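Visitor: Show me the folded form of this:
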Amino acid sequence: MANHRFQLPTFPERKKRTQNAKVPTSQYDFARIICARRRDFNLSQSDLAQMTKVSAAYISRLEAGKSHPSIRMVGKLAEKLLLDQRQLLALVNPTILNVISPDEQKDARLAWNKFRNDATLKRRYRLSSEEIDLLGHIATMGMIRRSRDFIYILITIRNALARPINSSKR
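Guide: Next up, the predicted model:
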């Protein structure tokens with residue numbers, strides 16, 4: 001079912017904070033994502049509270065950034081709102097990535113090494129040294145786990161760069 005999960009949206013930095021608010025940016029993003037996703041499903045706070053077996057007041061506090069959810073609660077919210085649990089958890093507690101990601105980083109390194117050393121792919125897709133460098137930078141992000149995903153990224157970049165940009169002045 002993980003393939004059916006939606007990627008978390010990104011939000012611009014919050015420009016103004018109230019004097020009393022001391023909500024970290026990542027927790028603020030968590031709150032906005034939960035609220036937006038709940039609304040996407042046309043759920044009230046009471047509906048989501050009932051689904052996750054907590055009070056509506058607690059959901060309200062989460063969406064306001066006034067409460068910090070437990071790992072279990074993050075899991076429940078991710079499941080009910082069809083969000084990626086790891087990404088949601090990383091918003092609540094960014095340091096958790098240091099604990100859960102070593103194997104993923106190893107997988108990403110293996111995927112990059114497999115891709116980088118595949119001469120057949122390099123010939124088939126006529127990879128330039130600039131493209132290899134670019135994909136190498138992307139590999140350092142540690143999010144790619146399969147070598148064929150680099151091809152998808154390459155094709156996407158090539159398509160984006162090949163499109164004409166309308167720069168006519170009005």
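
Visitor: Identify the residues contacting stretch 40-49?
Guide: If you take Cβ atoms under 8 Å, 6 or more residues apart in numbering as the criterion, stretch 40-49 is touched by 38, 51, 55, 56, 58, 59, 60, 63, 77, 80, 81. In short, each C-beta sits where N, CA and C put it, glycine included.

Visitor: Using the three-state scheme, assign the closest residue to the first one other than its chain neighbours.
Guide: If you skip the residues right next to it in sequence, residue 38 has residue 48 as its closest partner in space, 5.2 Å away by Cβ to Cβ, 6 or more residues apart in numbering. The three-state label given to residue 48 by DSSP: H, G, I helix; E, B strand; the rest coil is helix.

Visitor: the bottom helix or strand of this structure by mean pLDDT?
Guide: Lowest mean confidence among the helices and strands of the chain (mean pLDDT, DSSP states H and E): helix 97-100, at a mean of 61.

Visitor: Just confirm residue 116 contacts residue 131, I think it does.
Guide: No: using Cβ atoms under 8 Å, residue 116 is not in contact with residue 131; the gap is 11.5 Å.

Visitor: Tell me which two in the contacts of stretch 40-49 are the farthest apart.
Guide: 55 and 81 (17.4 Å; Cβ to Cβ).

Visitor: So the two - more neighbours on which side?
Guide: Neighbours of residue 55 and residue 81, each counted by other Cβ atoms under 10 Å, are more numerous for residue 81; the result is 21 against 13.

Visitor: and that one, how far is that from residue 124?
Guide: Going from residue 81 to residue 124 by Cβ to Cβ, to the nearest Å gives 40 Å.
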